[in-house]
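Enquirer: with the input below, show me the fold.
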Amino acid sequence: MWPQDWPPEAAWQNESVTNSELPASTRRVAAWLAAAGHPEPIVMLPVTGRTAADAAAALGVELGQIAKSIVFRRSADEMAILVVAAGDRRVDEAKVSALVGPIGRADADYVKTHTGFSIGGVCPVAHTGDVVVLIDAQLFRFGQIWAAAGHPHAVFALSPDQLQALTGAPVADIS
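Expert: Now for the predicted structure:
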């Protein structure tokens, strides 16, 4: 059923969509957010939000309001490092390395194994493994941002302060 048959028409028209109609990874995010008391619903986009530009266009927001999640592999211990950055900024790997030690790129299998999400739908919360999260200070230029919710069509709104509270992650200049 994915992704050709997604989303059901009701999802995009803000009609009631049951959790059973959501992808499993998005249901996991929805349950995590509900348990954390996050008030904003998950929105299913009619087009893929695999890139920040795609998500911004679908939502009608500025590119920088998309909280893109980029996963790196820390060289010393293979720990997953997830950087949440503004969609209009490029992550500076040297700045990230200065904070967490040497890093390298993570391939799709590594990302899925360590976060539980596929590239294009990596959420900043509800990971299935241990992940170190860093938040780029550039996200704080906006009152509202949008993050992936476990699937390339799924996003949710939050403020940068809510992102920091939900993740417990430090904020740094990393773009």
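
Enquirer: run through who's touching the longest strand anywhere in the chain.
Expert: Ranked by residue count, the top strand of the chain under DSSP state E comes out as strand 66-74. Taking contacts as C-beta atoms under 8 Å, 6 or more residues apart in numbering, the residues outside strand 66-74 that touch it are 49, 52, 55-56, 59, 79-87, 91, 93, 96, 100-106, 110-111, 114-115, 119, 122-124, 131-132, 139, 145-148, 163. C-beta: built from backbone N, CA, C; applies to glycine.

Enquirer: now with 7 Å, please.
Expert: Applying C-beta atoms under 7 Å, 6 or more residues apart in numbering, the external contacts of strand 66-74 come out as 52, 55-56, 80-85, 87, 91, 96, 100-101, 103-106, 110-111, 115, 122-124, 139, 145-148, 163.

Enquirer: ok, Thr48 to Ile119 distance?
Expert: In this view, Thr48 and Ile119 are 12 Å apart by C-beta to C-beta, to the nearest Å.

Enquirer: which element is the residue of the chain positioned farthest from its centre on?
Expert: In terms of distance from the mean C-alpha position of the chain, Ala76 ranks first, at 24.7 Å (C-alpha atoms, centre = their mean). Mapping Ala76 onto the secondary structure by DSSP states H and E places it in no helix or strand at all.

Enquirer: the one 5 residues further on now?
Expert: Using DSSP H and E, Ile81 falls within strand 80-86.

Enquirer: by contact count, what packs against that strand?
Expert: For strand 80-86, the elements it packs on are strand 66-74, helix 93-100, helix 108-115, strand 131-136, judged by 3 or more C-beta pairs under 7 Å, 6 or more residues apart in numbering; DSSP states H and E.

Enquirer: redo that, cut-off 6 Å
Expert: Under the contact definition 3 or more C-beta pairs under 6 Å, 6 or more residues apart in numbering; DSSP states H and E, strand 80-86 sits against strand 66-74, strand 131-136.
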